[in-house]
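**Student:** I'll drop the sequence and a predicted model, then ask my questions.
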Amino acid sequence: MAHILVIGGGIAGTASALALHKAGSQVTVYEAHPEPAADTGAFLTLASNGMRALAQVDASAAVTAVGFPLRSMRVLDDTGAVVAHVPLGEAADPLLRYRCLRRGELAAALRAEAAHRGIGIRHGARLVSVRDAPDGVTAHFADGSTATGDLLVGADGLNSVVRQETAPAVRPSYAGQRVFYGYTDDPLVAEENGQESERITMVRGSTTAFGYAVSPDGETYWFARVAGEPLAADEIAHGTPAHWRDLLLPLLCKDTTPAAGIVAATTDRLMVTNATELPTGTPWRSGRTLTIGDAAHAASPATGQGASMALEDAVVLAKCLRDAPDTGTALSRYETLRRPRVEENITVSGNLSRGAPPASRPGRGAPAPRPGDEELVRHLAWHTDLWAETGGDRP
């Protein structure tokens, strides 16, 4: 039985631990932060593809116990007029419906499920370096402890320590937008904007992209994406909710949409970050070390696919390791399957953030293959063999 070290106890790391454990590996997760407390943080939407990945590792119930489903999307223009109202994802299937939830809630639900299955999670284990050898890979932690396994999976996010080992020259870059997140439980806001349950509304403002959804409890979750120069790290660290509200409201007040009223009603739960991405072509692996999720292919949040892509990674990686004849072949197969899809997301999301037209693919030949819906369903389905479909022979 292979022993796999997973660095990072967030969404990508814990989901990969669940998938690898189901595939028959011995897994231990190492998380830098101490035992987590309640985390409000920013929220996210899990798309149908992410929910499908969760279903393959039997984690649907754990995740649908938090957050709320989204069945449709309404689009408003800058006058507040409805320009579209469409079903969202695979809304007919309760297991595959989009889900809106706080990032911390999702991570906590996955960690609880991992603990329930007996997967070890060690908190307070801050990685400082990785040593790769022919017979194993060793993680060195800040407290002087070490751990050795057959494979190390770096799921430690945008500022990945593992990536510094596999691609030391790669640095995250600004993707062209500041992203604001907030929550308000103002009953008037909920009453005005929550007439239809399980709906997310996207507002195409004159200067700002805005979105919001109202939970069954009457809490409004919202985000705003604003083009401009990146905010300084010090300003983000020390800015107050009132400061962010004052930056955002003048932009929203230019339009006659619900956005300004929602933000004005938000008092203390308001945060901001710079949209950030990694360049396509970033190396993902070296020897027995591999990065996944944001550590490998972080994209701006414009497509709302970051968490869902990480969940896909977890399932496809576990299946490749299960099905291929050896670890090196498995990692090559994984990269072949995943890179076109996730790098397409980086490109599309970056173009949306920058307001640029769709970029043409590099090279003179045909576009690189990208898994479509049917291919993705097959890649994720637990019963399909990702090695056999290539015609590969087993030893």
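**Tutor:** Alright, I've got the coordinates.
**Student:** would you mark the buried spots in stretch 18-28?
**Tutor:** 18-23, 25, 27-28 (16 or more other CB atoms under 10 Å). For glycine as for every other residue, the C-beta is placed from the backbone atoms N, C-alpha and C.
**Student:** closest to residue 312 among these?
**Tutor:** residue 19 (10.2 Å; CB to CB).
**Student:** quick one: contacts of stretch 377-385?
**Tutor:** Contacting residues not belonging to stretch 377-385 are listed as 22, 49, 52-53, 56-57, 312, 315-316, 319, 323, 337, 371, 386, 389 [CB atoms under 8 Å, 6 or more residues apart in numbering].
**Student:** what sits against residue 205?
**Tutor:** So residue 205 contacts 78, 251-252, 254-255, 257, 259 (CB under 8 Å, 6+ apart).
**Student:** give me the buried subset of the contacts of stretch 377-385.
**Tutor:** For the contacts of stretch 377-385, a burial check counting by 16+ other CB under 10 Å picks out 22, 49, 52-53, 56-57, 312, 315-316, 319, 323, 337, 371, 386.
**Student:** so which of the residues you listed sit within helices?
**Tutor:** 22, 49, 52-53, 56, 312, 315-316, 319, 323, 337 (DSSP state H).
**Student:** any idea how this structure splits into domains?
**Tutor:** Here the domain assignment for the chain is 3-67+101-172+278-390, 175-276, based on automatic domain parsing.
**Student:** let me have those in CSV, adding mean pLDDT and distance to residue 87 as columns.
**Tutor:** Output for the domains of the chain, formatted as CSV (pLDDT from 0 to 100; distance: least, CB to CB, whole Å):
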stretch, mean pLDDT, distance to residue 87
domain 3-67+101-172+278-390, 91, 11
domain 175-276, 93, 10
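**Student:** please identify the buried residues of the host helix or strand of residue 345?
**Tutor:** In this assignment (DSSP states H and E), residue 345 forms part of helix 327-354. Across helix 327-354, burial judged by 16+ other CB under 10 Å covers 327, 329-331, 333-335, 337-353.
**Student:** one more: stretch 282-298?
**Tutor:** Neighbour-count burial for stretch 282-298 [16+ other CB under 10 Å]: 282, 284-298.
**Student:** next one: stretch 127-135
**Tutor:** The neighbour-count check on stretch 127-135 (16+ other CB under 10 Å) flags 127, 130 as buried.
**Student:** from the chain's centre, how far out does it sit?
**Tutor:** 26 Å (CA atoms, centre = their mean, to the nearest Å).
**Student:** and the contacts of that stretch?
**Tutor:** Residues from elsewhere that reach stretch 127-135 (CB under 8 Å, 6+ apart): 7, 30, 32, 137-142, 152, 156, 161-162, 165, 286-289.
**Student:** hang on, the earlier thing: and which of the ones in helices among the buried ones among the contacts of stretch 377-385 is nearest residue 245?
**Tutor:** Nearest to residue 245 among those: residue 49, at 33.9 Å, using CB to CB.
**Student:** ok, that closest one - contacts?
**Tutor:** Shown in contact with residue 49 (CB under 8 Å, 6+ apart): 305, 308, 311-312, 376, 380.
**Student:** at 6 Å what do you get?
**Tutor:** Counting by CB atoms under 6 Å, 6 or more residues apart in numbering, residue 49 touches residue 308.
**Student:** count of neighbours near residue 229?
**Tutor:** Around residue 229 sit 9 other residues, with neighbours defined as other CB atoms under 10 Å.
**Student:** quick one: it from residue 253, how far?
**Tutor:** Note on residue 229: its distance to residue 253, by CB to CB, to the nearest Å, is 21 Å.
**Student:** pretty sure residue 166 contacts residue 290?
**Tutor:** No: at 7.7 Å, residue 166 does not count as touching residue 290 under the criterion of CB atoms under 6 Å.
**Student:** contacts for stretch 87-104 next, please.
**Tutor:** The contact list for stretch 87-104 (CB under 6 Å, 6+ apart) reads 39, 41-48, 51-52, 55, 60, 66-73, 213.
**Student:** can you rerun that using 8 Å?
**Tutor:** Outside stretch 87-104, the residues that touch it by CB under 8 Å, 6+ apart are 11, 36, 38-48, 51-52, 55, 60, 63-64, 66-73, 198, 200, 213, 215, 221, 307.
**Student:** return that stretch as CSV; C-alpha atoms alone will do.
**Tutor:** Provided in CSV are the C-alpha atoms of stretch 87-104 (Å, rounded to 0.1, in the frame of the first residue of the first chain):
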residue,chain,number,x,y,z
PRO,A,87,-31.2,27.0,-15.1
LEU,A,88,-27.8,26.6,-13.5
GLY,A,89,-25.7,23.5,-14.1
GLU,A,90,-27.4,20.1,-13.6
ALA,A,91,-30.1,21.6,-11.5
ALA,A,92,-32.5,18.6,-11.8
ASP,A,93,-30.1,16.3,-9.8
PRO,A,94,-30.0,17.1,-6.1
LEU,A,95,-26.5,15.8,-5.8
LEU,A,96,-25.2,17.9,-8.7
ARG,A,97,-26.9,21.2,-8.1
TYR,A,98,-24.6,24.2,-7.6
ARG,A,99,-24.0,25.0,-4.0
CYS,A,100,-23.2,28.3,-2.3
LEU,A,101,-21.2,28.1,0.9
ARG,A,102,-18.4,29.6,2.9
ARG,A,103,-14.9,28.4,2.0
GLY,A,104,-14.3,27.5,5.6
